[in-house]
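# I'll drop the sequence and a predicted model, then ask my questions.
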Number of protein chains: 2
Amino acid sequence: MHSFQTLAASFEERLSKYPPFPEEPNTLYEPCQYLLQLGGKRVRPVLCLMANELFTEISEDAWHAALGIELFHNFTLIHDDIMDKAPLRRGNPTIHARNGLTAGILCGDVTCIYAYESMANITTALPQVLHLFNRTAIEVCEGQQLDMDYETRSDVTLEEYIRMITLKTSVLLACSLKIGALVSGGLGDNANKLYAFGKNLGLAFQLQDDYLDAFGDTTKLGKQNGGDILANKKTFLLIKALENADAGQRKGIEELLVADGPGKVQEMLALFTATGADTACRDAVTAYSKLAFECLEDVAIPSKRKEPLAELAHYLLMRDR
Amino acid sequence: MHSFQTLAASFEERLSKYPPFPEEPNTLYEPCQYLLQLGGKRVRPVLCLMANELFTEISEDAWHAALGIELFHNFTLIHDDIMDKAPLRRGNPTIHARNGLTAGILCGDVTCIYAYESMANITTALPQVLHLFNRTAIEVCEGQQLDMDYETRSDVTLEEYIRMITLKTSVLLACSLKIGALVSGGLGDNANKLYAFGKNLGLAFQLQDDYLDAFGDTTKLGKQNGGDILANKKTFLLIKALENADAGQRKGIEELLVADGPGKVQEMLALFTATGADTACRDAVTAYSKLAFECLEDVAIPSKRKEPLAELAHYLLMRDR
């Protein structure tokens, strides 16, 4: 069994030894390669490899799937950054900021196709893998669309928000795990439990992200709290605060949403606390984490083999920044 | 054996009976459906069905492939229209013009994924089909990139231009035919001949497009000649004219490229003729058409069965507008 660090390092090594993109046309592939090498935690491919290693030695199929998943994730980042007008990704210029809109669109497109090409190399359970991958890819697009739609709506419910982050974030983590199981020939029930583990883990992670953006330890965060508040982003905290607020608190929140002053973050944080939104968010993180670990326990594999996955989940959920 | 008209009508009927997109989220799928229903000749899916019918009765696999190919083609149209800043497609507003840039990007993305989902339903020769489809999709992206790159270059050679239109246009026609053969269990050599038929047919068609834009019968065209000339587009005619021009003619062409006057089109057409670029273009159309029909003749199938494909090729190449 391999740890997260070991698998992430092996994945990086493969990426640099076998770069997925050719050299020419350079105007197309240089930005793709640039973004892929910016790094990131490589959580999705490693989840796929770990799920695979629950059942067998890590197979070539699992490596193909891991690469396909990471390329797909990159594709979504490239296009999401255009839609979000984001100038930076991991502290570096985004492709559209660096190479223009056309490059952003086309590099995203071709990265997506390379994801599919990596997937097409899988020899075990290829149709099942493809249908799951496609369904997930579709859900990720739907999640992004809902996220865009919600920007202009003021009546988004908590249920809608959870559905949106499930689609936009969680299903790809879930899919990564399940594909790792499928290409090992892993049987249905275990594969489905791993899927549920990933989905709940993703939700816990995303809600924790919402919480830390507002209440994280600023010294560890290395940046000011409240980015979401300044951007008027509809997070769990804001939606829950509006849900719980009495008339006065609601008025306060609504005034802050159109305000721009220096006290905006602090006043909003105070209202999140006063309405109990902060506690509700922490409780939700705890609840989804618990669900995730229960699903992992239900996988019919000796606990010893599940340790790397459990450790990775702890690492993702125990962070305070 | 079925004619082009019959197969195109059957394809349309299937599209409306089994719309590939779900209803929700409507903001995502309504524009996708809108563009798919704008029509077009459906040449690519019909080529796939016809190639399939060379060998067997048209199979469900061929229908899945035909739909996948048409969806993929739609995806490229949606994103190309953004990159080309095109306000209209088939006389109707493009998605990005109608629904915004975000919708344009995301509808293109999800249409591409639905293309892959349709392909994943294929049961015969799935890995071979996917690798060919992916290679083709990559080539189409590369062709689009070269097209963008060439916009800002003044030294594009005829060879480079032919390579660009091969990638951007021809390989998808070729791929459509070959996949139709592959899913019938069609053997390598016939499938490859069909691929070559499609590639040459595509080149003949594109070069004829270049010619007709300049010299087409305006009464049949229903629009003024010279759209490419007004846009300073690097077509076969312009590149060949520059190649053949003497010093005076070259100067004339270069001056017209930066000119904007009312006589621009007529003067450029005169230079195309004086340099023999018009004849060279017609000759190239004839040469690629001949190559295409030779490849079709080489397919080891009774000629009778090949008639619908030959008729479709004639229909595409004999148009004068």
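Structure's in. What do you need?

# Write out the residues of chain A neighbouring chain B.
Contacts of chain A with chain B, taken as Cβ under 8 Å from any Cβ of the partner chain, map to A:25, A:27-28, A:79, A:82-83, A:101-102, A:105-106, A:108-110, A:112-114, A:116-117, A:120, A:123, A:126-127, A:130-131, A:134-135, A:137-138, A:141-142, A:144-146, A:148-149. (Glycine included, C-beta is placed from N, CA and C.)

# Can you tell me which of these are classed as buried?
Applying 16 or more other Cβ atoms under 10 Å in any protein chain shown to these, the neighbour count classes A:25, A:27-28, A:79, A:82-83, A:101-102, A:105-106, A:108-110, A:112-114, A:116-117, A:120, A:126, A:130, A:134, A:137-138, A:141-142, A:144-146, A:148-149 as buried.

# In helices, which of these appear?
Those of these mapping onto helices are A:27-28, A:79, A:82-83, A:101-102, A:105-106, A:108-110, A:112-114, A:116-117, A:126, A:130, A:134, A:137-138, A:141-142, A:144-146, A:148-149, per DSSP state H.

# For the longest helix seen in chain A, list every residue counted as buried.
Assignment by DSSP H gives helix A:188-215 as the longest helix of chain A. Neighbour-count burial for helix A:188-215 flags A:190-215 (criterion: 16+ other Cβ under 10 Å).

# Quick check: the one residue sitting closest to the centre of chain A vs residue A:6, distance?
Nearest to the mean C-alpha position of chain A, counting by Cα atoms, centre = their mean, stands residue A:169 at 4.1 Å. Look at residue A:169 and residue A:6: by Cβ to Cβ, to the nearest Å, they are 25 Å apart.

# what does residue A:183 give?
Taking Cβ to Cβ, one finds residue A:183 at 20 Å from residue A:6.

# who's more crowded, the two?
Taking other Cβ atoms under 10 Å in any protein chain shown, residue A:183 and residue A:6 do not tie; residue A:183 has more neighbours (29 against 13).

# so that one sits right up against residue A:65, yeah?
Yes. Between residue A:183 and residue A:65 there is a contact at 5.8 Å, judged by Cβ atoms under 8 Å.

# what do these two both touch?
Counting by Cβ atoms under 8 Å, 6 or more residues apart in numbering or on different chains, the contacts common to residue A:183 and residue A:65 are A:52, A:122, A:129.

# Take the residues you listed and write them to a markdown table, including pLDDT and neighbour count.
Formatted as a markdown table, the entries for the shared contacts of residue A:183 and residue A:65 read as follows, by pLDDT from 0 to 100; neighbours: other Cβ atoms under 10 Å in any protein chain shown:
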| residue | pLDDT | neighbour count |
| --- | --- | --- |
| A:52 | 97 | 25 |
| A:122 | 98 | 26 |
| A:129 | 97 | 23 |
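
# Let's have those in TSV, adding distance to residue A:15.
Formatted as TSV, the shared contacts of residue A:183 and residue A:65 follow (distance: Cβ to Cβ, whole Å):
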residue	distance to residue A:15
A:52	18
A:122	18
A:129	21
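
# tell me which of these is nearest to residue B:249?
residue A:122 (56.9 Å; Cβ to Cβ).

# Flag the shaky bits of the stretch 201-321 of chain A, pLDDT-wise.
A:218-224, A:320-321 (pLDDT under 70).

# Just the element for residue A:45, please.
Here residue A:45 sits within helix A:43-55, counting by DSSP states H and E.

# Quick one: work out the angle between that helix and helix A:188-215.
150 degrees (axes from the mean of the first three to the mean of the last three Cα atoms, to 10 degrees).

# And the contacts of helix A:43-55?
Contacts to helix A:43-55, defined as Cβ under 8 Å, 6+ apart, come from residues A:1-2, A:4, A:7-8, A:11, A:58-59, A:61-63, A:65-67, A:69-70, A:73, A:172-173, A:176-181, A:183-186, A:190, A:194, A:198, A:299, A:301, A:305-306, A:308-309, A:312, A:316.

# So which of these sit within helices?
Per DSSP H, the contacts of helix A:43-55 map to helices at A:4, A:7-8, A:11, A:61-63, A:65-67, A:69-70, A:73, A:172-173, A:176-181, A:190, A:194, A:198, A:305-306, A:308-309, A:312, A:316.
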